[in-house]
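# Kindly return the folded structure for what I paste below:
(2 chains)
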Amino acid sequence: MSAAALEVSALAKVFGGLAAVNGVELTVPAGERRVLIGPNGAGKTTLFHCITGTLAPSSGTIALFGRDVTRLPEHRRTALGMGRTFQITNVFPELTMAENLALAILGTDRRKWVMHRSLAAFAAVRRQALEGLERVGLAGRADEPVKRVSYGERRQLELALALNTSPKVLFLDEPCAGLSPAERQRISRMIAGLPRDITLLMIEHDMDVALGLADRVTVLHQGRVILEGTPDEVRANSEVRDVYFGHA
Amino acid sequence: MDHARIVFGLVALAAALALPYYAGPFWTGLATQMLIFGLLALSVDLLLGHAGLFSLTHASFFAVSAYTVAILQVRYGVSTALAAPAGICAGTLLALVFGLAVRTRGVYFILITIAFGFVVWGVAHRWSSFTGGDNGVTNVPFPALGGLAVTSHTQYYYLVLAAVVACGLGYRVLIRSPFGLGLRGIKASESRMRSLGFRTGLHLYAAFVLSGALASFAGVLYVYYNKFVNPVAASFPISVEAALMAIIGGTGTIIGPFIGSGIVLGLRNWVSSFFELHLAVMGAVFIAAVLWAPDGLVGLAGRLRARMERAKEAGRP
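All right, here's what the predicted structure looks like:
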């Protein structure tokens, strides 16, 4: 059997006296779509930060396709195939849409060190950037500065950035946060249309979106995994209902 | 737009080429200084305007390079062909060390670069057996390359002009390159750059060293113009003034630091002729720039143009 795409064991992150992530075990086979749910403060985003290297975990290990990456810096993990989006939109407002995409393309490419040639000379990067924008429905906006586009379009760009680092495992932190119902549908259709060979981990509050996309669901509560199962199992589970809606 | 820019560039270049003929030696000398300090300001702006790092140690590279050239030429009789590259190398080597400052960000970066700057100034000031102390090193000759020698300030002005134009063109390629885009990405969001796979610390370190090398080159041009170098070249006010020039002219542009350099040096020359507290005037100019033209004169011009275009459109039936 080949190694799982992601294997997290005994992962903990302590802030002061608070264990935001408290002994999480998580195994995601390659190609699976896993959704993480849980109430506010359950530790979902902190868990993502630890896995992708934005934060250093207090203890535990993280393996990507069987390779221990716990101590690798964030940019090395990206080079090994982790891609991510941020819950709070994290794009480059001063740059154009195409320049944003160019950075995503160059990030995992040695050409990012080229100093003696203008970026305009790299026709392939430009073409790839335009394709990347088109893929998320932003065709025709390539030379628009990001600070002049709408919030919804920035969320689409956020997704495009992650997709253009050629990820094998993609971490989406509430990709639909703050969007209108129509925009949520657009984004979730885009996510559903991603190639199946990309392993997907997604944090999502909207239960309909979450359960519609997921192969399996992991429920986090107070920094721990309290349940893992198929969407139907999670829907039927009384403990999850208690966590979300309180005791009757 | 691009057409207008080319025309502007050609007119400016023609004006610069003809300057010694219509302006006389005083203005030619001042223009030489403006170009040299504009180049120093441009080197500061590679970090400030593109990478978002506020360095206050660039006088160090400038001065170490100037001292190296002066000591080699005056004390050891080394030729320009060796002394000038040695100056650039010495300044760049120092930048390789001081570049460790990129491990910090924000106010800590500013503070550590200030501290670095004072170390170099202190050495220049105190190690008098080697640096000449307060008197520095004097009697630096004009540069000479084999049989080709600069013999007048006018000739030297043309040499500096050619060097600055070459640096400006090279700088333009650099900031438009993938590496340059990476710097602007780091300025906008370093956390996102890391998650896209950039080793941001190394990227900034490379920019710091390049910027130090450019400041060192400005130091070489300075010492041959000035004919001497003393600890003032390494002093904190030089670093501040270089940053000020970039800010007043417009950060993130190529022409901005040179415009800023012209304004700062021009004002200083003019004000100091009748007012002893000219530093206070410079302070006031700086405050005014930050309050009313935070993106410098280049930015101010851009905003005025945009406003005029809007007014023109509004006036149309």
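# if I look at the residue of chain A found nearest chain B, how far off is B:Leu196?
Taking CB to the nearest CB, chain B has its nearest neighbour within chain A at A:Gly107, 3.3 Å off. Every C-beta, even on glycine, is put in place using the N, C-alpha and C of the backbone. According to CB to CB, to the nearest Å, A:Gly107 stands 3 Å off from B:Leu196.
# and for these two, which residues touch both?
By CB atoms under 8 Å, 6 or more residues apart in numbering or on different chains, A:Gly107 and B:Leu196 have these common neighbours: A:75, A:78, A:165.
# Closest one of the residues you listed to B:Val74?
A:His75 (47.4 Å; CB to CB).
# Tell me who's in contact with that closest one.
A:107, B:194-200.
# repeat that with 6 Å
B:194, B:197-199 (CB atoms under 6 Å, 6 or more residues apart in numbering or on different chains).
# top of these by neighbour count?
Counting by other CB atoms under 10 Å in any protein chain shown, B:Gly197 has the largest number of neighbours within those, with 25 neighbours.
# before we move on, back to that, so A:Gly107 and B:Leu196 - more neighbours on which side?
Shown here are A:Gly107 and B:Leu196; by other CB under 10 Å, B:Leu196 has more neighbours (29 against 26).
# A:Ala102 is in contact with the more buried one, correct?
No. Judged on CB atoms under 6 Å, B:Leu196 makes no contact with A:Ala102 at a distance of 10.4 Å.
# where does chain B dip in pLDDT?
B:1, B:316-317 (pLDDT under 70).
# what separates B:His203 from B:Gly99, distance-wise?
Counting by CB to CB, the gap from B:His203 to B:Gly99 is 12 Å.
# Next: B:Pro20.
Following CB to CB, the distance that separates B:Pro20 from B:Gly99 is 39 Å.
# And the helices in the chain?
I went with chain A, as the question did not name one. A:44-52, A:74-79, A:97-107, A:123-135, A:151-163, A:181-192, A:207-213, A:231-236, A:238-245 (DSSP state H).
# hm, I was asking about chain B
For chain B, helices defined by DSSP H occupy the ranges B:2-45, B:58-70, B:76, B:80-98, B:106-126, B:128-131, B:153-176, B:178-188, B:190-195, B:200-226, B:236-249, B:255-271, B:278-292, B:296-315.
# got JSON lines for these, with distance to chain A too?
Below are the helices of chain B laid out as JSON lines (distance: least, CB to the nearest CB, whole Å):
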{"stretch": "helix B:2-45", "distance to chain A": "13"}
{"stretch": "helix B:58-70", "distance to chain A": "19"}
{"stretch": "helix B:76", "distance to chain A": "34"}
{"stretch": "helix B:80-98", "distance to chain A": "15"}
{"stretch": "helix B:106-126", "distance to chain A": "18"}
{"stretch": "helix B:128-131", "distance to chain A": "34"}
{"stretch": "helix B:153-176", "distance to chain A": "4"}
{"stretch": "helix B:178-188", "distance to chain A": "4"}
{"stretch": "helix B:190-195", "distance to chain A": "4"}
{"stretch": "helix B:200-226", "distance to chain A": "8"}
{"stretch": "helix B:236-249", "distance to chain A": "17"}
{"stretch": "helix B:255-271", "distance to chain A": "16"}
{"stretch": "helix B:278-292", "distance to chain A": "19"}
{"stretch": "helix B:296-315", "distance to chain A": "13"}
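# Give the closest residue to B:Gly262 in space, chain neighbours not counted.
B:Met34 (4.8 Å; CB to CB, 6 or more residues apart in numbering or on different chains).
# Check the burial of the one you found by counting its neighbours.
Residues lying near B:Met34 (other CB under 10 Å) number 24.
# Now do the contacts for it.
Contacts of B:Met34 were listed using CB under 6 Å, 6+ apart, and they are B:261-262, B:265.
# Please determine how far the residue nearest to A:Gly81 when sequence neighbours are not counted is located from A:Val69.
Distances taken as CB to CB, 6+ apart place A:Lys168 nearest to A:Gly81, at 3.4 Å, with adjacent residues excluded. Distance of A:Lys168 to A:Val69, given as CB to CB: 12 Å.
# that older thread, among the contacts of B:Met34, which one is most surrounded by other residues?
Counting neighbours by other CB under 10 Å, the one among those with the most is B:Ser261, which has 27 neighbours.
# where does A:His247 land on pLDDT?
With respect to pLDDT, A:His247 scores 55.
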